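[1] got a structure for you, letters missing:
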């Protein structure tokens, strides 16, 4: 009888182990999404040439030999973009305190409405210092969708019917002097400012 009970309990225990394993994997995946280790990311940024908030051409060639941080946003966003931009402004101040020459690039996913002047107004409203922060537009939606999804592995989608809100990622991406993405962080909540500063310092050595 005991032998039969052990046999009956075995599949249940195996199922429980699989469930627990799945939960652990899901938790690890979420942690990796916001705080991947540098050796887990090695994504080359495709070449681009767009327009900044001053209507000046700005592209990957202008970032050659520089460490930079990028994110995706749009000015009509009613949820994540305002706090993300505020978080980036705070990060910018932290980096300047450490005298770290880091460029910041914010790509609009709504280029039709986000003209250079609209982007400039938005940046000013949220405390951006334009000396090393570039808000980019001047391309088609498909152009930025392709760049975001192919280079940054971050999905972008047009608004659903009856909405004007685009879907995009909320990560901050750290790119090295060779134009390779080596790290990403949560840019919306619990931004790891100290860690980002440390990672930038490591790249600048």
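    Looks like it arrived, so ask away. Everything numeric here is computed off the predicted structure, so don't read it as measured data.
[2] and stretch 73-91, what's its mean pLDDT?
    In this model, stretch 73-91 has an average pLDDT of 97.
[3] before we move on, what about stretch 168-182?
    97.
[4] tell me which residues of that stretch come out buried.
    Buried positions in stretch 168-182, judged by neighbour count with 16 or more other C-beta atoms under 10 Å: 168-176, 179, 181-182. Any C-beta I mention is one placed from the backbone N, CA and C, and that applies to glycine too.
[5] what's near enough to touch residue 113?
    Neighbouring residues of residue 113 by C-beta atoms under 8 Å, 6 or more residues apart in numbering: 74-76.
[6] quick one: classify it as helix, strand or coil.
    coil (DSSP: H, G, I helix; E, B strand; the rest coil).
[7] so what's the residue sitting nearest the centre point of the chain bridging to?
    In the chain, the centroid-proximal residue (C-alpha atoms, centre = their mean) is residue 171; its distance is 2.5 Å. Counting by DSSP bridges, residue 171 forms beta bridges with residue 186.
[8] now the buried members of the contacts of residue 113.
    By neighbour count, with 16+ other C-beta under 10 Å, the contacts of residue 113 hold 74-75 as buried.
[9] and which of the contacts of residue 113 is nearest to residue 187?
    residue 74 (14.2 Å; C-beta to C-beta).
[10] please tell me how far that closest one sits from residue 205.
    From residue 74 over to residue 205 the distance is 35 Å, taken as C-beta to C-beta, to the nearest Å.
[11] one more: residue 90?
    24 Å.
[12] helices along the chain, start to end?
    2-35, 81-97, 116-125, 141-151, 193-204 (DSSP state H).
[13] mean pLDDT for those: which is lowest?
    Taking the mean pLDDT of the helices of the chain, helix 2-35 comes last: a mean of 38.
[14] tell me who's in contact with residue 71.
    84, 88, 105-107, 170-173, 187.
[15] again, only using 10 Å
    Residues counted as contacts of residue 71 (C-beta atoms under 10 Å, 6 or more residues apart in numbering) are 81, 84-85, 87-88, 104-107, 152, 154, 168-173, 184-185, 187-188.
[16] how's the protein carved up into domains?
    Domain assignment of the chain by automatic domain parsing yields the ranges 1-35, 38-204.
[17] list the contacts for the closest residue to residue 150 other than its chain neighbours?
    Spatially, and ignoring its direct neighbours in sequence, residue 150 is nearest to residue 46 (6.3 Å; C-beta to C-beta, 6 or more residues apart in numbering). The neighbourhood of residue 46, defined by C-beta under 10 Å, 6+ apart, consists of 60, 146-147, 150-152, 179.
[18] again, only using 7 Å
    Contact partners of residue 46, counting by C-beta atoms under 7 Å, 6 or more residues apart in numbering, are 147, 150-151.
[19] could you export these as a markdown table, including distance to residue 54 and neighbour count?
    What follows is those, written out as a markdown table (distance: C-beta to C-beta, whole Å; neighbours: other C-beta atoms under 10 Å):
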| residue | distance to residue 54 | neighbour count |
| --- | --- | --- |
| 147 | 21 | 22 |
| 150 | 27 | 13 |
| 151 | 24 | 21 |
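[20] quick check: beta-bridge partners of the nearest residue in space to residue 42 that is not next to it in sequence?
    Distance criterion C-beta to C-beta, 6+ apart; nearest residue to residue 42, sequence neighbours excluded, is residue 180 at 6.2 Å. Residue 180 has these beta-bridge partners by DSSP bridges: residue 44.
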